[in-house]
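Visitor: requesting a structural model of the entry that follows:
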Amino acid sequence: MMHGQVVVGRSAELADGDRLVVDVDGTEIGVFRIDGALYAYGNYCVHAGGPVCQGMVINRVTERLDAEKRSLGEAFSDDVHIVCPWHGYEYDLRTGAHPGDPRVRLRGYQVFEQGGEIVVEL
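Guide: Numbers count the residues shown, from 1 in each chain. Model (predicted):
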């Protein structure tokens with residue numbers, strides 16, 4: 001695999017909420033723009049190797065409870081998750097961590113914008 005900085009796309013082509021999955025010298029990397037910030041992860045689910053960066057992006061679903069711990073129904077949180085299409089494993093898109101076990105996480109890459117281009121650091 002190459003090392004260093006690699007241009008993976010143009011900034012104008014990745015709107016907020018969008019993703020770009022690219023192959024960089026045999027390594028697939030997913031780049032996401034969430035609330036204006038960029039995040040990049042290897043397209044490899046820790047659970048079983050599925051193409052996690054191609055999964056559904058959705059806000060985390062939580063259960064609301066009253067003071068007696070009775071369910072008030074479900075709600076969407078502000079946490080944005082990616083859901084692996086193979087087995088439904090979820091990861092927080094801002095951290096790459098699995099919500100149930102933060103030690104389980106996607107491989108992250110540094111990503112930034114420079115001169116109208118999106119650059120990933122390998």
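
Visitor: distance check, the closest residue in space to residue 4 that isn't next to it in sequence against residue 82.
Guide: Excluding its sequence neighbours, the residue lying closest to residue 4 (CB to CB, 6 or more residues apart in numbering) is residue 122, at 6.2 Å. Any C-beta I mention is one placed from the backbone N, CA and C, and that applies to glycine too. From residue 122 across to residue 82, the span is 20 Å (CB to CB, to the nearest Å).

Visitor: give me the more crowded residue out of these two.
Guide: residue 82 (25 against 15; other CB atoms under 10 Å).

Visitor: tell me what that one is bridged to.
Guide: residue 57, residue 91 (DSSP bridges).

Visitor: would you agree it is in contact with residue 90?
Guide: Yes. Between residue 82 and residue 90 a contact is recorded at 7.1 Å, counting by CB atoms under 8 Å.

Visitor: from the middle of its chain, how far away would the lowest-mean-pLDDT helix or strand in the chain be?
Guide: Least confident helix or strand, the chain: strand 56-65 with a mean of 82, by mean pLDDT, DSSP states H and E. Remark: strand 56-65 is offset 15 Å from the chain centroid, using CA atoms, centre = their mean, to the nearest Å.
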